[in-house]
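Asks: curious how this folds, go ahead:
(2 chains)
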Protein chains: 2
Amino acid sequence: MKLLYHPDCSQISLAGVLYALGDPVRLQVVQQLAADGELTCNAFDCDVAKSTMSHHFKILRESGVIRSRKEGTQHVNSLRQDELQELFPGLLDAVLQSSACGAVTG
Amino acid sequence: MKLLYHPDCSQISLAGVLYALGDPVRLQVVQQLAADGELTCNAFDCDVAKSTMSHHFKILRESGVIRSRKEGTQHVNSLRQDELQELFPGLLDAVLQSSACGAVTG
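Replies: Numbers count the residues shown, from 1 in each chain, chains lettered A, B, ... in the order given. Down below sits the predicted model:
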C-alpha cells in the first residue's frame, strides 16, 4: 500500500501553508472540512476534474493543512486544525472567517 | 509614464492574497514593510536576482497586498494593512506574528 506523505509539525512552513490555501478550490475544501470534520474526496462539490482535485488534496496534505487516511478505496480527509493553531495562532481562524464571508472567489 | 496597476478593495480576493503571501521571499518583504513602513525596492536584503524581486513585488501589488508609487526612478512600497484588515480581519496580523516567530523559511 502506498503510504501518504504527511509532514511533521517541524516541517510545516508558513509559506507552504499560505501557498496551499491560496487557491479558490482548495479554500473551498478547507472551509467544507472545517464545517463537516472528516470527508472523503468524493464529498466535495467542486466543479473540477477528479485528477485536478487529487492534485489539490496532495498540495493540502503535503503542506500540512490536511491529514488523509485510506479507508477501503477512499481517502478520508480532515483539517490539521490543532497543529496549525499551535504553529500559526489565529491564522486558520482568520482564513475560515474571511472565506465564510464569501471572499473566496478569484 | 507607465501606470502601476492596483486592485480596488472589491477586486482583492482571499485566495489571491494568500497566494501572494505563500512564498518565503514575499513573506520577508511583507514582514519588513510591516516593521519599517515605506521602503524602496532596493531596501530589501533578499538574496535573489533583481528581476525576480520585481516579479515578487508585482505579485504583491496585483494581489492587493502592497501599494507602490513612483518616486523619481524608484518604487516606494507600503503594505495595504488597513484595507486588508477590513477585508480579512486578523489575517495579516496572524501572518506577521507567525513569520516573526521564524516560521518563514521553506
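Asks: please report phi then psi for residue A:68.
Replies: For residue A:68, the backbone dihedrals (degrees, to the nearest 10) come out as phi -120, psi 140.
Asks: quick check: the gap between it and chain B.
Replies: 21 Å (C-beta to the nearest C-beta, to the nearest Å). Quick note: C-beta positions are derived from backbone N, CA and C, even for glycine.
Asks: ok, that residue - how many residues close by?
Replies: Neighbourhood size, residue A:68 [other C-beta atoms under 10 Å in any protein chain shown]: 19.
Asks: swap in residue A:72?
Replies: 7.
Asks: what separates the helix or strand of chain A with the lowest mean pLDDT from the chain centre, distance-wise?
Replies: Every helix and strand in chain A was compared by mean pLDDT, DSSP states H and E; the lowest is strand A:39-40, with a mean of 92. The chain centre lies 11 Å from the centre of strand A:39-40; the measure is C-alpha atoms, centre = their mean, to the nearest Å.
Asks: next helix or strand past that strand?
Replies: Scanning forward in sequence from strand A:39-40 by DSSP states H and E, the next helix or strand is helix A:50-63.
Asks: check whether that following helix contacts chain B.
Replies: No: using C-beta under 8 Å from any C-beta of the partner chain, helix A:50-63 never reaches chain B; the gap is at least 9.0 Å.
Asks: remind me what that helix packs against, helices and strands.
Replies: When contacts are defined as 3 or more C-beta pairs under 8 Å, 6 or more residues apart in numbering or on different chains; DSSP states H and E, helix A:50-63 packs onto helix A:14-21, helix A:24-36, strand A:66-71, strand A:74-79.
Asks: ok so, going back, from the contact counts, what lies against the least confident helix or strand of chain A?
Replies: strand A:74-79.
Asks: buried stuff in the strand it packs on?
Replies: For strand A:74-79, a neighbour-count test (16 or more other C-beta atoms under 10 Å in any protein chain shown) marks A:75, A:76, A:77, A:79 as buried.
Asks: how about stretch A:52-63?
Replies: A:53, A:56, A:57, A:59, A:60, A:61, A:62, A:63.
Asks: contacting residues around it?
Replies: Applying C-beta atoms under 8 Å, 6 or more residues apart in numbering or on different chains, the external contacts of stretch A:52-63 come out as A:4-7, A:12-13, A:16-17, A:19-20, A:23, A:25-26, A:29-30, A:41, A:44, A:46, A:48, A:66-68, A:75, A:77.
Asks: let's see that with 10 Å instead.
Replies: A:4-7, A:11-13, A:15-23, A:25-26, A:28-30, A:33, A:41-42, A:44, A:46, A:48-49, A:65-68, A:75, A:77, A:79-80, B:22, B:106 (C-beta atoms under 10 Å, 6 or more residues apart in numbering or on different chains).
Asks: stretch A:30-38 too?
Replies: Here stretch A:30-38 has contacts from A:20-21, A:23, A:39, A:43-46, A:60, A:65-67, A:69, A:71, A:76-81, A:92-93, A:95-96, A:99-100, A:104, using C-beta under 10 Å, 6+ apart.
Asks: pull out the buried residues from the residues you listed.
Replies: A:20-21, A:23, A:39, A:44, A:60, A:65-67, A:76-77, A:79-81, A:92-93, A:95-96, A:99, A:104.
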